[in-house]
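Asks: Give me a model of this one.
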Amino acid sequence: MEMKSRELFNSMSRNQSQYPSFFSPETGVYTSKHPPRDLPENPFQDLVSFLFSHGHQGVTALVDSVSGFSISYRKLRDMVESMASGLDHIGISSGHVVLILLPNTILFPVILLGVMSVGAIVTTMNPLSKPGEIKKQTSISKVGLVFTFSENVGKFDGLGVRVVTVPERLDFDAAQFSGFSQLLSRDPKQAPKPLIRQTDAAAILFSSGTSGLSKGVVITHANFIAMVELFVRFEASQYHTESWKNVYLAAVPMFHVYGLSLFTMGLLSLGSTVVVMRRFTAEEALRVIDGYKVTHFPVVPPMLAALLKRVKDSSGCDLRSLTQVSCGAAPLSEKLIQDFLEVFPHVDLIQGYGMTESTAVATRGFNTADCKQYTSVGLLAPNMEAKIIDLKTGSALPSGIMGELWLRGPAIMKGYLNGEEAASSTIADGGWLRTGDIAHFDQDGYLYVLDRLKDTIKYKGYQIAPADLEALLIHHPEILDVAVTFAADEEAGEIPVAFVVRRPGSVLSSSEVIEYISQLVAPCKKVRKVVFVNSIPKSAAGKVLRRLLRDNHGASKL
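Replies: Numbering: from 1, shown residues only. Predicted structure coming up:
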């Protein structure tokens, strides 16, 4: 690769015309093929005001897929302002951190936007998280207030944080949920109007980053505004449809940057209707798509696989209302793509690429009558730049050659929470985000993600940091050393695999290891397979060589 890239760059000065207009051979920078989008220049523009500043003809904002209860756009703004007024009344203001520990619910956007309206900072977690995980994130983020369902209230015992119990339905008993009711019953006209800078933190979302332990990604109001404009509103502008007539199915979790960006923010600026599923099942998704005439369905690969399997097992199910399925969080296999196109020839299938660190913004697929690139994750979003970096030389590469993908643009995070060292290893000079993913651009500007350098495991679209699991497993009294990596899995994409070195004389079994870790982490993070080994391969610097483990034991093919 080193010789090939050197020869290509030596020829650049001789023949500039061979390089597409979106790539600069002088700088090695790829720019978006799309025209740039205007972003607010007012330094005091906050996300919530930005969202509600867009006019549209949308009527219904959010619908609960089971009960049918809905929130209109007119009511949504009042509810957000009432929530802001209530939070201000109990002393939540600029700089305070509020944890939302909820599954998908039509009240999620109300809470989130209310928190951001007062200048406070949102952090989210999987509602299936275990007490130890909750304690850790609550401590790191300095959480002062929590919103959660009643089933999770007990997980906060002894943590010294105020907990507001959120009702599961809109027709809730005010006496039973008095804390929440008091917040939401405040006069919206009394909502505070704090001075919020675009550079102020709006959220702390935890990500496994490019390697190692999970880290708190600090995302600003400016980052979210860029996401709304460059990801959601731009994509909508590419289609000759009236966005307020679109109906989206929200099955991707709102606590994840993918679902958070779309369902609690971006789509609400367009007037689209968001039908909210608390928990995804293929059977329920089919019912909801048909019942609510869903037009757009954002998914992760395991959701798509489950949906296809269910459709094939069902007769007379064609989902005629669907016009687009968009997939993110992990790459789609070519087989899954082909199966989808055979079953749903009338549906536009696109992929996208983004990270928590890029506020879900990077690339987005776009198919036309003349160009359909189903296996690509799409074109660079407006205002975004990229480089493909040679792993050996550090030089920037032209199209057709794979290297590490670097990104730069207005959606890139402010940094990691209390993590200057981690940020310095992730953000290169010039503001470039090292993604840790191996990719290449083609001559038309479409990006293809091939592999990754980072150790992150993607189980059904959820990110799992191996180091987090290792830190828990090493405390088992019969485990001498441990490393966690992934194995390929047709249904889940990847599953966590623990390579365990037992202490001398131990008869620790695989099932005991799996049960031990299942008591400490959310179900999506569980170790699914255990391999006992004599030693863990490590570099001279002591870094675990996970790829070597996978290659030596065939874990990636299990």
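
Asks: what helix or strand does D437 sit in?
Replies: Taking DSSP states H and E as the criterion, D437 maps to strand 432-441.

Asks: Work out the gap between that strand and the centre of the chain.
Replies: 17 Å (CA atoms, centre = their mean, to the nearest Å).

Asks: Parallel or antiparallel, list what pairs with that strand.
Replies: Note on strand 432-441: by DSSP bridges, its sheet partners are strand 403-408 (antiparallel), strand 427-428 (antiparallel), strand 447-452 (antiparallel).

Asks: nearest residue to E494 other than its sequence neighbours?
Replies: Once flanking residues are discounted, E494 sits nearest to F486: 4.0 Å by CB to CB, 6 or more residues apart in numbering. All C-beta spots, glycine's among them, are computed from the backbone N, C-alpha and C.

Asks: Show the model's pLDDT score for that neighbour.
Replies: pLDDT for F486: 89.

Asks: do you know how far the closest residue to W244 other than its chain neighbours is from K245?
Replies: Closest residue in space to W244, ignoring its immediate chain neighbours: G271 at 3.3 Å, by CB to CB, 6+ apart. Distance from G271 to K245, counting by CB to CB, to the nearest Å: 9 Å.

Asks: neighbour-wise, which of those two wins?
Replies: G271 (21 against 12; other CB atoms under 10 Å).

Asks: For the more buried one, grab phi and psi.
Replies: phi 90, psi 10 (degrees, to the nearest 10).

Asks: For it, list the residues it contacts.
Replies: Applying CB atoms under 8 Å, 6 or more residues apart in numbering, we find G271 in contact with 56-59, 73, 243-244.

Asks: quick revisit: so what touches the strand holding D437?
Replies: So strand 432-441 is contacted by 23, 30, 209-211, 355, 357-358, 386-388, 397, 399-408, 412-413, 425-428, 447-454, 456 (CB under 8 Å, 6+ apart).

Asks: where along the stretch 351-500 of the chain do the strands fall?
Replies: Counting by DSSP state E, counting those that start in this stretch, one finds strands in the stretch 351-500 of the chain at the ranges 363-364, 379-380, 385-389, 403-408, 415-416, 427-428, 432-441, 447-452, 457-459, 462-464, 479-489, 493-502.

Asks: out of those, which comes closest to I134?
Replies: Proximity to I134 (CB to CB) singles out strand 462-464 among these, at 16.4 Å.

Asks: That closest one packs against which elements?
Replies: strand 457-459 (3 or more CB pairs under 8 Å, 6 or more residues apart in numbering; DSSP states H and E).

Asks: ok now the strand it packs on, how far from the chain's centre?
Replies: Using CA atoms, centre = their mean, the offset of strand 457-459 from its chain centre is 12 Å.

Asks: Over to stretch 498-509?
Replies: 35 Å.

Asks: Walk me through the domains of this structure.
Replies: As assigned by automatic domain parsing, the chain contains the domains 2-37+379-452, 47-364, 457-557.

Asks: Next, format the ones you listed as JSON lines and append distance to Q373.
Replies: As requested, those are exported to JSON lines (distance: least, CB to CB, whole Å):
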{"stretch": "domain 2-37+379-452", "distance to Q373": "5"}
{"stretch": "domain 47-364", "distance to Q373": "9"}
{"stretch": "domain 457-557", "distance to Q373": "21"}
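
Asks: follow-up on the earlier one: quick check: mean pLDDT across the strand holding D437?
Replies: For strand 432-441, the per-residue pLDDT averages 93.

Asks: Return it as PDB; C-alpha atoms alone will do.
Replies: C-alpha atoms of strand 432-441 as PDB (Å, rounded to 0.1, in the frame of the first residue of the first chain):
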ATOM      1  CA  TRP A 432      -9.700  15.900  12.400                       C
ATOM      2  CA  LEU A 433     -11.600  13.100  14.100                       C
ATOM      3  CA  ARG A 434      -9.800   9.700  13.800                       C
ATOM      4  CA  THR A 435     -12.800   7.300  13.400                       C
ATOM      5  CA  GLY A 436     -10.800   4.100  13.700                       C
ATOM      6  CA  ASP A 437     -12.700   2.700  10.700                       C
ATOM      7  CA  ILE A 438     -11.000   1.400   7.500                       C
ATOM      8  CA  ALA A 439     -12.700   2.800   4.400                       C
ATOM      9  CA  HIS A 440     -12.300   4.200   0.900                       C
ATOM     10  CA  PHE A 441     -14.100   6.500  -1.500                       C
END
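
Asks: by how many degrees do it and strand 385-389 diverge?
Replies: Angle of strand 432-441 versus strand 385-389, following axes from the mean of the first three to the mean of the last three CA atoms, to 10 degrees, is 70 degrees.

Asks: Please identify the buried residues of strand 432-441?
Replies: For strand 432-441, the buried set under the neighbour-count rule, 16 or more other CB atoms under 10 Å, comprises 432-441.

Asks: Relative to I464, which of those is nearest.
Replies: G436 (14.7 Å).

Asks: ok, that closest one to S49 distance?
Replies: 35 Å.

Asks: returning to what we had before: would you point to the one among the domains of the chain that's packed deepest?
Replies: Of the domains of the chain, the one with the most neighbours on average (mean count of other CB atoms under 10 Å) is domain 47-364, at a mean of 20.

Asks: one step back: now tabulate the strands of the stretch 351-500 of the chain in JSON lines and tack on distance to S326.
Replies: Putting the strands of the stretch 351-500 of the chain into JSON lines (distance: least, CB to CB, whole Å) gives the following:
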{"stretch": "strand 363-364", "distance to S326": "8"}
{"stretch": "strand 379-380", "distance to S326": "14"}
{"stretch": "strand 385-389", "distance to S326": "20"}
{"stretch": "strand 403-408", "distance to S326": "19"}
{"stretch": "strand 415-416", "distance to S326": "28"}
{"stretch": "strand 427-428", "distance to S326": "28"}
{"stretch": "strand 432-441", "distance to S326": "19"}
{"stretch": "strand 447-452", "distance to S326": "15"}
{"stretch": "strand 457-459", "distance to S326": "17"}
{"stretch": "strand 462-464", "distance to S326": "18"}
{"stretch": "strand 479-489", "distance to S326": "23"}
{"stretch": "strand 493-502", "distance to S326": "17"}
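
Asks: show me where pLDDT drops low in the protein?
Replies: 1-17, 208-213, 315-316, 420, 539-543, 554-558 (pLDDT under 70).
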